[in-house]
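Chemist: 3D model of this:
(one chain, ligands or ions: 2)
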Amino acid sequence: MRIQDLGDKILKGDRRALARAITLVESSRQDHRAEAAALLDQLRAVGRQAVRVGLSGTPGVGKSTFIEAFGMMLTGQGLRVAVLAVDPSSTRSGGSILGDKTRMERLSRDPNAFIRPSPSQSHLGGVARRTREAVELCEAAGFDVILIETVGVGQSETVVAEMSDLFVLLLAPAGGDELQGVKRGIMEMADIILVNKADGDLKPAATRTCSDYAGALRLLRKRPQDPEGFPKAMMVSAQTEVGLAEAWTEMQALIDWRRENGFWDRRRADQALYWFDQEVRQALLARLETGEAKAAMAELSARVAAGDISPAGAAEAMLREHLRM
Ligand SMILES: Nc1nc2c(ncn2[C@@H]2O[C@H](COP(=O)(O)OP(=O)(O)OP(=O)(O)O)[C@@H](O)[C@H]2O)c(=O)[nH]1
Ligand SMILES: [Mg+2]
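Modeler: Numbering: from 1, shown residues only. Ligands and ions are numbered 1, 2, ... in the order given. Now for the predicted structure:
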């Protein structure tokens, strides 16, 4: 199929075309990369935008349960919802959502929902690019809301936050009276903190945890992209579906404010710059991984170790002679 035709089908909302296109952007074959670039350019020119919601939380906090319930609520309102994932663990085969499709049983059968597991790639940089491009494809296919999930275990939160309009951190009620070990950097990325499992026996702990985090958020430096009252901590129960409508109302309020005040466009522009920078850095590092570069490094390393050449001199030689910079 010609790329142009594939693009036209995506714009009409054809799900099989969308799935095919995502497979195309996930491929690292050189000719596929070129086709993917042409496709993305064609679609970008149309300029459709969805609300991209990043969602992070530690294993077991209830991400899958939340996405299923929240996604069903949105499709119930007539919205089209896509679910993508960034899986930081390269060892897990197929990505976390794959096994989850069974857990997100209702949502995966919903004609207004589209669920796609994380691409299985060896490093986060590759996963980031492919997910980012899948997000663009879903936007072109006319989805209204794109949920991008990641399990919170380090760098992947940054990756997801940098491709989302809104970053939601899902937390579980804390057992004792101390805050969970949420890193400050992660807290600073959050637009909305949702304390999940605010039901049954866990309700009192959830209430305490929520007010602890509300307090912690107030101590953070005020960000220009936030209206009064944000970032915000709220309680939800993905299981009993309590608080989900309120959470969506708050998300929309934040989005509307950012749109009206120019922060929506600015964030997307900043993110494009961030990814441009990342792509350049990764491409530079990749040049060190070629056979020729590795051989040159080994040879220069031996000379540095023997004291024949200084580390700085060797580096300069490496860059000039072998990387042509
Ligand atoms: N009580 C209660 N339990 C919940 C709630 N949401 C999820 N759970 C339970 O918490 C457990 C983990 O839920 P998942 O949705 O699989 O959590 P997850 O964050 O997707 O976990 P990973 O995919 O392993 O990272 C399951 O046993 C859920 O039934 C909730 O709102 N209340
Ligand atoms: Mg899960």
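Chemist: thought residue 166 was touching residue 255, still the case?
Modeler: Yes. Between residue 255 and residue 166 there is a contact at 6.4 Å, judged by C-beta atoms under 8 Å. Every residue, glycine included, has its C-beta placed from N, CA and C.
Chemist: more crowded one of those two?
Modeler: Ranked by neighbour count (other C-beta atoms under 10 Å), residue 255 and residue 166 place residue 166 first, with 21 against 17.
Chemist: which ones are touching the more buried one?
Modeler: 51-54, 191-192, 251, 254-255 (C-beta atoms under 8 Å, 6 or more residues apart in numbering).
Chemist: get me the contact residues on this structure for ligand 1.
Modeler: Residues of the chain lying near ligand 1 by C-beta under 6 Å from any ligand atom: 57, 59-65, 96, 151, 196-197, 199-200, 202, 237-239.
Chemist: hang on, residue 168 in a strand?
Modeler: Yes. With DSSP: H, G, I helix; E, B strand; the rest coil as the criterion, residue 168 is part of a strand.
Chemist: on that earlier part again, what do residue 255 and residue 166 both touch?
Modeler: Counting by C-beta under 8 Å, 6+ apart, the residues touching both residue 255 and residue 166 are residue 51.
Chemist: what pairs with the residue of the stretch 151-300 of the chain found nearest ligand 2 across the strands?
Modeler: At 7.2 Å from ligand 2, residue 151 is the closest residue in the stretch 151-300 of the chain, using C-beta to the ion. Counting by DSSP bridges, residue 151 is bridged to residue 57.
Chemist: number of residues surrounding it?
Modeler: So residue 151, with other C-beta under 10 Å, has 22 neighbours.
Chemist: hang on, isn't it packed against residue 62?
Modeler: No. Here residue 151 does not reach residue 62: they are 11.8 Å apart, not a contact under C-beta under 8 Å.
Chemist: report the contact partners of the residue nearest to residue 106 when sequence neighbours are not counted.
Modeler: With C-beta to C-beta, 6 or more residues apart in numbering as the criterion, residue 106 has its nearest non-adjacent residue at 5.8 Å, and that residue is residue 72. Contacts for residue 72 (C-beta under 8 Å, 6+ apart) come out as 106-107, 110.
Chemist: please apply the same query to residue 119.
Modeler: Counting by C-beta under 8 Å, 6+ apart, residue 119 has contacts 26, 95, 126-127, 130-131, 134.
Chemist: mind doing that once more with 7 Å?
Modeler: Applying C-beta atoms under 7 Å, 6 or more residues apart in numbering to residue 119 gives the contacts 26, 127, 130-131.
Chemist: from residue 128, how far out is it?
Modeler: Distance, residue 119 to residue 128, using C-beta to C-beta, to the nearest Å: 10 Å.
Chemist: now, the contacts of residue 166 that are in strands?
Modeler: 51-54, 192 (DSSP state E).
Chemist: which of those lies closest to ligand 2?
Modeler: Nearest to ligand 2 among the ones in strands among the contacts of residue 166, with distances taken as C-beta to the ion, is residue 54, at 14.9 Å.
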